[in-house]
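Starting from these lines, generate the structure:
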Amino acid sequence: MKQLEKTLEQARGFQSYREIQQWLQSECGLKGKYHVVHELVRYRLQAKRKRSRPVKQNQEV
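Next up is the predicted model:
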């Protein structure tokens, strides 16, 4: 879980909880259902996915 915490702290982060699921399976060999991954990341690790939604180039900020 330390490896996941470090990855979540990086600016890039993850785009979705599904992406975290896939990362856990490929990097750590762990399989988990979506709601389990969401609960782990959001509530137990108190982290967020980090990556923001894409913004159009011509959109005013």
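
Low-confidence regions, the chain specifically.
The chain contains residues with pLDDT under 70 at 11, 50-54, 59-61.

hey, where'd the helices end up in it?
Ranges of helices within the chain are 2-9, 17-23, 34-39, based on DSSP state H.

quick one, which of the ones you listed is nearest to residue 55?
Closest to residue 55 of those, according to C-beta to C-beta: helix 17-23, at 19.5 Å. Using the backbone N, CA and C atoms, a C-beta is placed for each residue, glycine as well.

Could you single out the most deeply buried of the helices of the chain?
Counting by mean count of other C-beta atoms under 10 Å, helix 17-23 has the highest mean neighbour count of the helices of the chain, with a mean of 17.

Would you mind writing the CA trace of that one as PDB?
Provided in PDB are the C-alpha atoms of helix 17-23 (Å, rounded to 0.1, in the frame of the first residue of the first chain):
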ATOM      1  CA  TYR A  17     -10.700   4.400  -9.800                       C
ATOM      2  CA  ARG A  18     -10.800   1.800 -12.600                       C
ATOM      3  CA  GLU A  19      -7.300   3.000 -13.500                       C
ATOM      4  CA  ILE A  20      -6.300   2.400  -9.900                       C
ATOM      5  CA  GLN A  21      -7.800  -1.000 -10.000                       C
ATOM      6  CA  GLN A  22      -5.800  -1.900 -13.100                       C
ATOM      7  CA  TRP A  23      -2.600  -0.400 -11.500                       C
END
